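Asks: Here is my input, please return the structure:
(chains A, B, C, D and E)
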Amino acid sequence: MGVDTKVTIVAAPEGHSEAGFFATSLDKAVGLARKNSIWPLPFATSCCGIEFMATMASNYDMARFGAERLSFSPRQADLLMVMGTISKKMGPVVKQVYLQMAEPRWVIAVGACASSGGIFDTYSVLQGIDKVVPVDVYVPGCPPRPEQIIDGLMRIQDLIGNESLRRRNSPEYKALLASYGIE
Amino acid sequence: MESNNAEHTKIVEALNSRFASSIKEIAEPFGALTISVDSNNIKSIIAFLASEEMGFSFLTDVCGMHYDTTDELGVVYHIHNLYTNTRIRLKTRLPKAKPEIDSMVSLFKSANWQERETYDFYGIIFKGHPDLRRILNMDEMDYFPLRKEYALEDGTRTDKNDTMFGR
Amino acid sequence: MELIFKASLVVAIFVVTLLVALYSTFAERKISAVLQDRIGPNRAGPFGLLQPLADGVKMFMKEEIIPTTSSKWLFIFAPCLAMLTAGMSSAVMPWGGNLIIDGETYSLQVADINIGILYILGITSVGIYGIMIGGWASDNKYSLLGAIRASSQMISYELAMGLSVIAVVMMTGDLSINEIVKGQPGAHWNVFYQPLGFIIFLICAFAETNRAPFDLPECETELIGGYHTEYSSMKLGFFLFAEYINMFVSCALIAAVYFGGYNMPFINDFGWSPNTVTIVGTACFFLKIAFGIFFFMWVRWTLPRFRYDQLMRLGWQILIPLSIINVILTGLGIIVFK
Amino acid sequence: MKALTNRSKVAVNKELSFMERLYFPAIIKGMAITLSHLFKKKATLKYPEVQKEFAPVYRGKHVLKRDEKGAENCTACGLCAVACPAEAITMTAAERKKGEEGKYREEKYAAVYEINMLRCIFCGLCEEACPKEAIFLTDEIVKTSYDRQDFVYGKDKLVEDMNNRIDITKRQKKY
Amino acid sequence: MIESINDKISGENYNTINLGPTHPATHGIFQNVLTMDGEKIIHAESTVGYIHRAFEKLAERRPYNQITPITDRLNYCSAPINNMGWEMTVEKLLGVQTPKKVDYMRVIIMELARIADHVICNSILAVDCGALTGFTYIFQQREKIYEIFESICGARLTTNIGRIGGFERDFSEQTWKLIKDFLTEFPKAFREYESLVNRNRIFMDRTIGTGPMTPENALNYGFTGPNLRATGLDYDVRVMNPYSSYQDFDFTIPVGKQGDSYDRYMVRSAEMWNSISIIQQAMNKMPEGPYHADVPEFYLPPKEDVYTKMEALIYHFKIIMGETKVPIGEVYHSVEGANGELGFYLVSDGGRTPYRLHFRRPCFIAYQAYAKMIEGSVLSDAIITMSSLNIIAGELDA
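Replies: Below you'll find the model as predicted:
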């Protein structure tokens, strides 16, 4: 905690020439595979979790994106979807789950509460999960419509598809993790 | 249906005959029988009300209060007789320096967490509670957040301008 | 020549098994989707056909995590064992009749050992070690619970499975699967002679493959992932893969033992050449398997799962007595009718 | 315990008939039901390709309206900010100068008007609070983004485009 | 600690399992530390507070009309019931009498919300038993309820529906049509769902006898709503203390026998059928009239009036700034929420915000029995019991 919230370089694939962010053709192929096989770990705590159910159910069917195999074990998940309020008591748990995930891993903050605390600017609520884990995509709304959640997933897909394989070993990424106290 | 006057008179009489000295005030705001009682005697009063004779077998609610004008804390009980459909609100006041009151857990199991919550929010000590710990907040918290003197906000928020909101 | 044929057959069967397992994962997702009024994966390739490939590549590229408290070698060994045994069991399956090439007869079976059924039952019970070791080596309580459930489930249901097979063996008088298949020409399938045995076998097959309603070793809502909770990347892939291969083999076994394998009614009435008959028979066999796989999935997406003790009760108190009765009835039948 | 009313009715039957004991009737019935859905029309809305039409009163992204002449309606009174339970609205008022009548309808206007879309809970209270019909919620959803700075919507994103006006007449209709 | 005590008692080694806070079956976030003997639960201890959001403190800092969106997030599965419970509480404090039409409209919305909530609970119970498909069928109907809410208030889940004194707008033609469609569509889909699950022996075996409760014990633990009714006691706030003209409708109170998971499931099922009938009755008897009470001090004037009438403008500003006079006093009002008696204890000191607002959250009070209910059962039962109690995290932790 206590990290400057402006550190959000995860998402910005800046032009970094060799061994950097830009994807090569192998990266592209792997990226293509990865982005079509996102196994989300739904960290659903409150209202947004119900909208997530709606997203998974027949009417919106997130499975179309290859993302219907929910893996509740963090080891197997690619995408941590934090949905709902994260209190200060819960903050360490989110971080723990993030640590248990295998690389490459991404994080979506779904809904106002997870992204910024939303309406709950109170003593017990974490003002955005980016204080404990790096967030890749923010989805606004309280709760977001399923359309918005799918939108967020597609943004993550874009991110994954254009990402270099070695980005996870890049100094920028390591610096980012270090800023969250993650080795 | 709630303002059942004959029933109310009966209850008040029964209470007056036993606990006259502990009863401070009786009122009926919005048709709900509200009795302010001495905090020392609360357990025997509720035990009496919960007995077969009076039939208030359901503890609807326990909550804390902070009266900042007199700087006192308080516990408010709502109990319900399901058969005559009468509700009573019992109010107590406790000094802030030593907020202690008897626990109701031996009478109503539902009081357990509600009293823990009240302790968590207001720091009211329930004597005889089997496990009086914080329940909703972190154990490390060192103040009682719902007391009026503490701020609501956690203070880390940077993206607002307080003058806009009239607060 | 014989050797080359056998070698190519082994390769072909291996590839086919893998392909079927690969596309079973896709089929599962699609079938569950259509049963649930959904569409299912449709982004990866046309109609989402490249979905399993995407999953595979992703899993290969994922970081491997070996928990520090686990027994490292066993942790790695377990998924390999599961995969290996799953792959081995298809060796004795008679995929078709005989092909005649250049006057020489080739059997579409890798090894026609005379105890084929025993071999399969044996291999599948070795497969359970993969799950058990995996769950134990993870040093995770949920995994351990899953492993314990898996092993006791396997032990209980293998008995009933074996007994129901014995009834079939009594009728055929041979333990070789090929002989069993040959024993049901045309439409004289065992399922019509052994309906009770078939149902018992089917239920046990569900239990042996850890499929719903018997998916207790991994049941997501209770044990998160059960024995594979701690596995990531391709080791997880192996476990999942092994499950689908097992399902494929089970369906093949059911088709061979109860639905006449490559036999098909009226196949000899068309006057086709023996080779055509064999090929059509093989296709027919795969059709039966495909229906079996569909059935497995259909059941999975319809039924709730059992509780552990209910599962045991069903196994020991209902299925085993029933299968013993079935054996006795079969014996009586043989005496009376033959 | 004694019943409280005379309206209670036991809703449970736990007795299994012999057929139900056999597992199969219910299983076959269930499987028939799931199979019948194989042939039903799929309920899925193919979202990115097909967009569902939201209700006319949907509470989505905000818009700051202009009047017919293109002048901004907002007078920076701050009522919307007061009414906002999430405290997501910030504004700075400025006096209208001579010659700016075409730009701002009232004598005061919002020089800065920001809504933090990550904070916003889309409750619609700002729309209700506005006495000048300046702020409305629309049936458009707020897009997701990579960076939380992107979600502070300033006037550039909120004020409506005169060439592409947003029809809010349906929202106001009280039926 | 517990482990060591038990070890001393029996000399056996027990296993401790941490069920939650991110376990898949704990939908929200509940932590239960289970002491297990193999699969059997010897001792359980619940920890709550993982999404404590300080509702009560927040409510002390927000004017009355801004509290409605906060109540949305209590039991988010049936937000309209919370909204309307809160509005009725304030109306009780202010002494506002709502027109019959408002009452009936509220009844329709609240019963729809109840269906929406029970749909979630019952379908998730089946999901936790391993049958996912029923959930997807019945969730399509929930989408229809969302559409109805959306056409009235503009949001799907956290509705912020209704205002103090009535509704923000009348139901449109579209809304009525959607409700009518729902009334014809839902029974079909629900019947299908019931025949998929209700009499399936696997499902019955899983749920019968899990987490049983006697009425005396349930009452002592503060159970209300379907969970209490499943034990056989017919306590329903809608009947005992009718609010919003519930006395005009004819419905029964479904009760169970043993208070186990199957009873809870069946009581919820029967309540959904009841809700359908109540909505039907309300539609048939819908009176004419205004859609809000005539209380200019609390109900916002129409926008046209704000421009043209001085009085309306003053009221508008006063309501938004929270400067209308609110009587000093305290009031308790309860509604039959989807999970039980949802009470609002409001103390007003005449200021723009409540002096104290306490929510009686049925989930919070009922959940403390959970640890006792699962002791002696197995892990699978613990999960079924949790689902069938329908504990909603938002309501639990406030």
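
Asks: Is any residue of stretch E:111-122 near chain C?
Replies: No: counting by CB under 8 Å from any CB of the partner chain, chain C is not contacted by stretch E:111-122; separation bottoms out at 12.8 Å. Every residue, glycine included, has its C-beta placed from N, CA and C.

Asks: Tell me where the chain has helices.
Replies: Answering for chain A, as no chain was given. A:25-35, A:47-56, A:91-100, A:111-116, A:146-161, A:171-179 (DSSP state H).

Asks: that's the other chain; I wanted chain D
Replies: D:18-21, D:24-38, D:79-83, D:125-129, D:155-158, D:169-172.

Asks: Out of those helices, the one nearest chain C is which?
Replies: The closest of the helices of chain D to chain C is helix D:24-38. By CB to the nearest CB, the value is 4.6 Å.

Asks: quick check, that closest one touching chain A?
Replies: No: among the residues of helix D:24-38, none lie within reach of chain A under CB under 8 Å from any CB; the closest is 9.5 Å away.

Asks: got a list of what D:Ile166 touches?
Replies: D:63, D:65, D:136, D:138, D:160 (CB atoms under 8 Å, 6 or more residues apart in numbering or on different chains).

Asks: which residues sit in contact with the third one?
Replies: Applying CB under 8 Å, 6+ apart to D:Phe136 gives the contacts D:62-63, D:65, D:127, D:166, D:168, D:171.

Asks: Filter those residues down to the ones in strands?
Replies: D:62-63 (DSSP state E).

Asks: which of the contacts of D:Phe136 lies closest to chain B?
Replies: Nearest member of these to chain B, counting by CB to the nearest CB, is D:His62, at 15.7 Å.

Asks: Let me see the contact set for the closest one.
Replies: D:115, D:120, D:126-127, D:135-138, D:153, D:158.

Asks: Span of stretch C:297-308 from start to end?
Replies: Terminal residues of stretch C:297-308 are spaced 21 Å apart (CA to CA, to the nearest Å).

Asks: Identify the residues contacting that stretch?
Replies: For stretch C:297-308, using CB under 8 Å, 6+ apart, the contacting residues are C:27-28, C:31-32, C:35-36, C:149, C:206, C:211-216, C:219, C:314, D:27, D:30-31, D:33-35, E:39, E:126, E:129-133, E:196-197, E:200, E:202-203, E:205-206, E:378, E:380-381.

Asks: what's the spacing between that stretch and its chain's center?
Replies: A distance of 17 Å separates the centroid of the chain from that of stretch C:297-308, by CA atoms, centre = their mean, to the nearest Å.

Asks: contacting residues for the residue of the stretch 101-250 of chain E found nearest chain B?
Replies: In the stretch 101-250 of chain E, the residue that lies nearest chain B is E:Gly222 (2.8 Å; CB to the nearest CB). The neighbours of E:Gly222, taking CB under 8 Å, 6+ apart as the test, are B:58-60, B:108-110, B:114, E:365-366, E:368.

Asks: Write a ChimeraX command that selects only the buried members of those.
Replies: Entered in ChimeraX, the line below selects the buried ones among those, by 16 or more other CB atoms under 10 Å in any protein chain shown:
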select /B:58,59,60,108,109,110,114 /E:365,366,368
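
Asks: from the contacts of E:Gly222, which single one is nearest chain D?
Replies: For these, the nearest to chain D is B:Phe58 (10.8 Å; CB to the nearest CB).

Asks: what residue ranges in chain A score low on pLDDT?
Replies: A:1-24, A:165-167, A:183 (pLDDT under 70).

Asks: Nearest residue to the middle of it?
Replies: A:Val107 (1.2 Å; CA atoms, centre = their mean).

Asks: Need the pLDDT of the residue of the stretch 101-250 of chain E closest to chain B.
Replies: We have a pLDDT of 88 for E:Gly222.

Asks: now do the one 4 residues further on
Replies: pLDDT, E:Pro226: 90.

Asks: Kindly report the same for E:Ile253.
Replies: For E:Ile253, pLDDT reads 90.

Asks: now it: how far from chain B?
Replies: Distance, E:Ile253 to chain B, by CB to the nearest CB, to the nearest Å: 13 Å.

Asks: If we ignore the residues flanking it in sequence, what's nearest that residue?
Replies: Spatial nearest neighbour of E:Ile253, excluding adjacent residues (CB to CB, 6 or more residues apart in numbering or on different chains): E:Asp234 at 4.3 Å.

Asks: what residues are up against the nearest residue to D:Asn116 once chain neighbours are set aside?
Replies: Spatial nearest neighbour of D:Asn116, excluding adjacent residues (CB to CB, 6+ apart): D:Ala88 at 4.5 Å. D:Ala88 makes contacts with B:160, D:115-117, D:119-121, as judged by CB under 8 Å, 6+ apart.

Asks: D:Ala88 and A:Cys142: what is the separation?
Replies: From D:Ala88 over to A:Cys142 the distance is 10 Å, taken as CB to CB, to the nearest Å.

Asks: And for C:Val299?
Replies: 40 Å.

Asks: neighbour-wise, which of the two wins?
Replies: A:Cys142 (27 against 18; other CB atoms under 10 Å in any protein chain shown).

Asks: Got phi/psi on the spatially closest residue to the more buried one that is not a sequence neighbour?
Replies: Spatial nearest neighbour of A:Cys142, chain neighbours left out: D:Ile121 (3.7 Å); criterion: CB to CB, 6+ apart. Note on D:Ile121: its backbone torsions stand at phi -110, psi 10 [degrees, to the nearest 10].

Asks: Give me the number of neighbouring residues for D:Ile121.
Replies: 29.

Asks: cool, and C:Asn98?
Replies: Neighbour tally, C:Asn98, other CB under 10 Å: 16.

Asks: got the contact list for it?
Replies: Per CB under 8 Å, 6+ apart, neighbours of C:Asn98: C:105-108, C:274, C:278.

Asks: Could you dump these into JSON lines with pLDDT added?
Replies: Formatted as JSON lines, these follow (pLDDT from 0 to 100):
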{"residue": "C:Thr105", "pLDDT": "75"}
{"residue": "C:Tyr106", "pLDDT": "74"}
{"residue": "C:Ser107", "pLDDT": "73"}
{"residue": "C:Leu108", "pLDDT": "73"}
{"residue": "C:Pro274", "pLDDT": "77"}
{"residue": "C:Thr278", "pLDDT": "81"}
